[in-house]
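In: Sequence first, predicted model second:
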Amino acid sequence: MSGAAVLFSPRRVGAMVLRYWYLLRSSWPRLLELVYWPAVQLLTWGFIQLYVADNATFFARAGGAFIGAVLLWDILMRGQLGFSVSFLEEMWARNMGNLLMSPLTTAEFVASLMIMSIVRLAIGMVPVSVMAIFFFDFNIYAMGFALAAFFANLILTSWSVGLVVSGLVLRNGLGAEGLAWTIMFLFMPLACVYYPVAVLPDWLQHVAWLLPPTYVFEGMRTLVIDHVFRADLMARALLVNAVLFAAAAWAFSRLVESARDQGSLISAGE
C-alpha cells in the first residue's frame, strides 16, 4: 500500500490533535478561560437557585434541575466553541491553505477538531462539575447512562453547528468570526434550557422540537423532577442529530470547495 493514497489516516488526525494540544498547553490564559466562564455561570445561577428554592416549593421539589440545565448548556456551548476555536486557530495563523493543500484530508481535519472539542470541554467541565458537588450537592455523574445519552446528543449538535460556522468563516473570511461566539445563543430560547417546552406558544413548540437539545433538556427535567428517564426523547434527538450532522457535513464540504474555487484559502482575512 506504499504507493496508494490513504483515504483516512489516524496518524494524521493524531498529529493535528497534538498540534492543537501544544497550542492550548503553551498558554495558561487559554486554559483558564476554559474553566472561568463555566464556573462563573455555575456559581451565579446556582446561588440564585438556592435563594429561590428557599422561597418556592416548586424549586425545592425540582432540586438540581436548574443547575443541571446550566451544566448541560455548557456542554452544548463549550462543545461548539471547542470545535470552532480550534478551527479559528488555523485561520488566525493563516494556515488553512497549507493544511488543505497537504495530504491531510477534510475528514481527518474535521475528526481532529471533534477530538479537540472534547478535550477542551473536559478541561472546562470536569472542575466545574466537581464544584457543583461541593457547592450545591448536585452530582451530575449520578445520572449514569442518562448523562451519556445527554452528552452524546449535545456534542453531536455542537459539532453540527461548529461545522457550519467553520465553513462560513472559511468561505467568507474572519469577518464572519463573530458567528462562532454568538450563534449558540440564538438556539437558547428555542432549546428550552431553563423552562419546559409547554411555556412556548403552540406554533413555536413545533419549531422547538426540530432542535435536538430541546429533547435533552426536557429529558433532564423529567429525570431530575420525576426520576424517569425518557429513552424515547433521546432516540428522537439522535434521529434529528443524524439528519442535522449529515446536512452540516455536506454544507461544510460545499463551503470548502467554494473557498478553494474563490481563493479564500490563501487570502483568508477580514
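Out: Arrived safely. Because the structure is a prediction, the values reported are computed rather than measured.

In: What about residue 146, how many residues nearby?
Out: When counting by other Cβ atoms under 10 Å, one arrives at 21 neighbours for residue 146. The C-beta positions use only the backbone N, C-alpha and C, and glycine is treated the same way.

In: can you tell me which residues contact it?
Out: Counting by Cβ atoms under 8 Å, 6 or more residues apart in numbering, residue 146 makes contact with 219, 220, 223, 229.

In: Widest-spaced pair of the residues you listed?
Out: Taking every pair in the contacts of residue 146 and measuring Cβ to Cβ, the maximum separation is 9.9 Å, between 220 and 229.

In: Which one's more surrounded, the two?
Out: Between residue 220 and residue 229, counting by other Cβ under 10 Å, residue 220 is the more crowded of the two (25 against 17).

In: Spatially, which residue comes closest to that one, not counting chain neighbours?
Out: Excluding the flanking residues, the one nearest residue 220 by Cβ to Cβ, 6 or more residues apart in numbering is residue 68, at 5.2 Å.

In: give me the element the residue positioned nearest the centre of the chain is part of.
Out: Centroid-nearest residue in the chain, with Cα atoms, centre = their mean: residue 79, separated by 2.5 Å. Using DSSP states H and E, residue 79 maps to helix 65-92.

In: again, but for residue 224
Out: Secondary structure (DSSP H and E) places residue 224 in helix 212-226.

In: which outside residues touch that helix?
Out: With Cβ under 8 Å, 6+ apart as the test, helix 212-226 has contacts from 61-65, 68-69, 72, 76, 143, 146, 149-150, 153-154, 156-157, 187, 190-193, 196-197, 208-209, 228-230, 233-234, 236-238, 240-241, 244.

In: quick one: buried residues of that helix?
Out: 212-224 (16 or more other Cβ atoms under 10 Å).

In: and the next element down the chain from that helix?
Out: helix 231-262.

In: what's the average pLDDT for that next one?
Out: For helix 231-262, mean pLDDT is 90.

In: Going by contacts, tell me the helices and strands next to it.
Out: Applying 3 or more Cβ pairs under 8 Å, 6 or more residues apart in numbering; DSSP states H and E, we find helix 231-262 packed against helix 106-136, helix 145-172, helix 212-226.

In: Sounds good, over and out.
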